[in-house]
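**Q** Predicted model, plus sequence, below.
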Amino acid sequence: MSNNSTIKCPNCNTEFELNKAMKAEIQSEFRQKLDDWKRKQEEDYKKREEELNEKYTNQINSVKKLTQEETKKGITEQFENELKLLREKELINEKKLEEARQTQLNFLKKEEELKNKEAEIEITIQKEIQTKRIELTEQIRKQELEKIQIKETESLQTINEYKKALDDQKKQIEEMRRKIEQGSMQLQGEVQEIALEELLKATYPFDLIEPVAKGTKGSDCIQTVKNNAAQICGKISYESKRTKAFANEWIEKAKTDMRLQQADIAVIVTEAMPKDMNMFGFKDGVWICRFNEIKSLSYLLRDGIIKIHSASANQENKGEKMTMLYNYLTSNEFNEQWQAIREGFLSMKQMIQKERDAMEKLWKAREKQLEKVLLNASHIKGSINGIAGSTNIDLGLEFNNDLLLD
């Protein structure tokens, strides 16, 4: 809606648009003309009044020269004429002033009407602006909802695409897993053999872990057990199997390989256990376990080999060792070494006793000095009590015997 209002000409009744700038300019111009007209009327009135006063004064001066009767008559007639003329002019001026007042009143009414019209227009404009704002807000809200719906649709499509891609990936993974499970059993066995070797090397870094070359008769891996003195105590042969079912002929082969490689113990590491075994154990001269049990089983077997080797070593040449031990205990070398130990012990004991005697002597001397100090302090306290006549003086030097002894 336009901000312009219409105004009607009081002379020709023609309506035309009037905006705020034109209205303010016309009002200012009209007020200026009205003020100028008022000022001009006042100036004319004052000018005429001065002219009349001057004329009247001149007439009075001229009348003085006339006779009293002629002067009185002439002055009266002239005064009446002038007065009548003045009244007519005054009536004309009053009429013009009344017309000016009426014009000003009409203008003020018109101005008030314009103000009211402007206020109505402003209210109408504000209402329309509020309506437009509400419509625009609703339109924007609808557009945002449409955008959100579009985004949700796109997101849903993207999610469906991701789900489809994920399902395809899962299918591919399942297919690859199936192919891997259906792959070469020999390759799976070689992987377990390598893992077994790495596990043994990491668990027993000082033992010798040797794989058996392919194409060579024997087991898959040999562990040469060494004790803390790096002495070879024995061997353990490992056979790795990774199949769906356990074969009993593996046991005979493991024992044959153990004898061929001069090993002490044979171990079969298998994924499928015998039907009568649900955990590692000993069967027909061979140890059988799963891969996750090999670490515990190998520790037990290795510890047993080391202990057996140690017991065997102790039993070898037992009579000769007893003779050698007797000769050493009765030899001059053992006697001299024992005398040196005894002399060192006695020397240390004497030094401790000397230090103890010296400290006790020092303690006694300090105790005597302390008793002397306390005795003198008691004398001073007695003297002060005698002079002051009071027994409540505390010098802070009273100690009991238990503290002195400590």
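**A** Now that the structure is in, tell me what you want to look at.

**Q** which helices and strands does the longest helix along the chain pack with?
**A** Using DSSP state H, we find that the single longest helix of the chain is helix 68-181. Other helices and strands packing on helix 68-181, by 3 or more Cβ pairs under 8 Å, 6 or more residues apart in numbering; DSSP states H and E, are strand 5-8, helix 20-63. C-beta coordinates here come from the backbone N, C-alpha and C atoms, glycine included.

**Q** pLDDT on stretch 166-173, on average?
**A** For stretch 166-173, mean pLDDT is 78.

**Q** Can I get it in PDB, CA atoms only?
**A** Output in PDB follows, covering the C-alpha atoms of stretch 166-173 (Å, rounded to 0.1, in the frame of the first residue of the first chain):
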ATOM      1  CA  LEU A 166      27.600 -52.500   4.000                       C
ATOM      2  CA  ASP A 167      25.500 -55.500   3.200                       C
ATOM      3  CA  ASP A 168      27.500 -55.900   0.000                       C
ATOM      4  CA  GLN A 169      30.700 -55.700   2.000                       C
ATOM      5  CA  LYS A 170      29.400 -58.200   4.500                       C
ATOM      6  CA  LYS A 171      28.500 -60.600   1.600                       C
ATOM      7  CA  GLN A 172      32.000 -60.100   0.100                       C
ATOM      8  CA  ILE A 173      33.600 -60.700   3.500                       C
END
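
**Q** How far does that stretch sit from its chain's centre?
**A** Put simply, stretch 166-173 sits 36 Å off its chain's centre (Cα atoms, centre = their mean, to the nearest Å).

**Q** Contacts for that stretch next, please.
**A** With Cβ atoms under 8 Å, 6 or more residues apart in numbering as the test, stretch 166-173 has no contacts from any other residue.

**Q** Now do the buried residues in it.
**A** Judged by neighbour count (16 or more other Cβ atoms under 10 Å), stretch 166-173 contains no buried residues.

**Q** for stretch 304-322, same thing?
**A** Buried-residue list, stretch 304-322, by 16+ other Cβ under 10 Å: 305-306, 309.

**Q** Narrow those residues to those in helices?
**A** Checked against DSSP H, those include these in helices: 305-306, 309.

**Q** Dump those residues to TSV, plus distance to Gln231 and pLDDT.
**A** Below are these laid out as TSV (distance: Cβ to Cβ, whole Å; pLDDT from 0 to 100):
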residue	distance to Gln231	pLDDT
Ile305	11	90
Ile306	9	90
His309	7	85
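
**Q** In a markdown table: those, plus distance to Leu108.
**A** Putting these into a markdown table (distance: Cβ to Cβ, whole Å) gives the following:
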| residue | distance to Leu108 |
| --- | --- |
| Ile305 | 128 |
| Ile306 | 127 |
| His309 | 133 |
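
**Q** Could you list the domains of this protein?
**A** Following automatic domain parsing, one gets these domains for the chain: 22-154, 188-316, 341-406.

**Q** Which stretch among the ones you listed is buried most, on average?
**A** Greatest average neighbour count among the domains of the chain goes to domain 188-316 (a mean of 16), per mean count of other Cβ atoms under 10 Å.

**Q** okay if I get the domains of the chain as CSV plus distance to Asn160?
**A** Formatted as CSV, the domains of the chain follow (distance: least, Cβ to Cβ, whole Å):
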stretch, distance to Asn160
domain 22-154, 10
domain 188-316, 38
domain 341-406, 90
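
**Q** mean pLDDT for the helices and strands packed on helix 68-181: which is lowest?
**A** The bottom spot among the helices and strands packed on helix 68-181, by mean pLDDT, belongs to strand 5-8, with a mean of 60.

**Q** and the gap between Met277 and Ile268?
**A** 11 Å (Cβ to Cβ, to the nearest Å).

**Q** list residues touching both of these two?
**A** With Cβ under 8 Å, 6+ apart as the test, Met277 and Ile268 both reach Ile288.

**Q** Can you pull up the most central residue in this structure?
**A** Computing the C-alpha centroid of the chain and ranking residues by Cα atoms, centre = their mean puts Ser155 first, at 28.6 Å.

**Q** Identify whichever of the domains of the chain lies nearest to Tyr328.
**A** Across the domains of the chain, the minimum distance to Tyr328, taken as Cβ to Cβ, is reached by domain 341-406, at 15.4 Å.

**Q** tell me what the helix or strand that contains Lys253 is packed against?
**A** Using DSSP states H and E, Lys253 maps to helix 249-260. If you count contacts as 3+ Cβ pairs under 8 Å, 6+ apart, helix 249-260 packs onto strand 232-241, strand 265-270, strand 286-289.

**Q** would you list the ones you listed in JSON lines and tack on distance to Glu98 and mean pLDDT?
**A** Shown next, in JSON lines, are the helices and strands packed on helix 249-260 (distance: least, Cβ to Cβ, whole Å; pLDDT from 0 to 100):
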{"stretch": "strand 232-241", "distance to Glu98": "133", "mean pLDDT": "90"}
{"stretch": "strand 265-270", "distance to Glu98": "133", "mean pLDDT": "91"}
{"stretch": "strand 286-289", "distance to Glu98": "133", "mean pLDDT": "92"}
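
**Q** one step back: separation between the residue nearest to the centre of the chain and Asp168?
**A** For Ser155, the distance to Asp168 equals 20 Å [Cβ to Cβ].

**Q** Equivalent analysis for Arg87, please.
**A** Distance from Arg87 to Asp168, by Cβ to Cβ: 118 Å.

**Q** Then Ala119?
**A** For Ala119 relative to Asp168 (Cβ to Cβ), the value is 72 Å.

**Q** which sections of the stretch 301-406 of the chain are below the confidence cut-off?
**A** Residue ranges of the stretch 301-406 of the chain with pLDDT under 70: 316-319, 321, 326, 386, 388-406.
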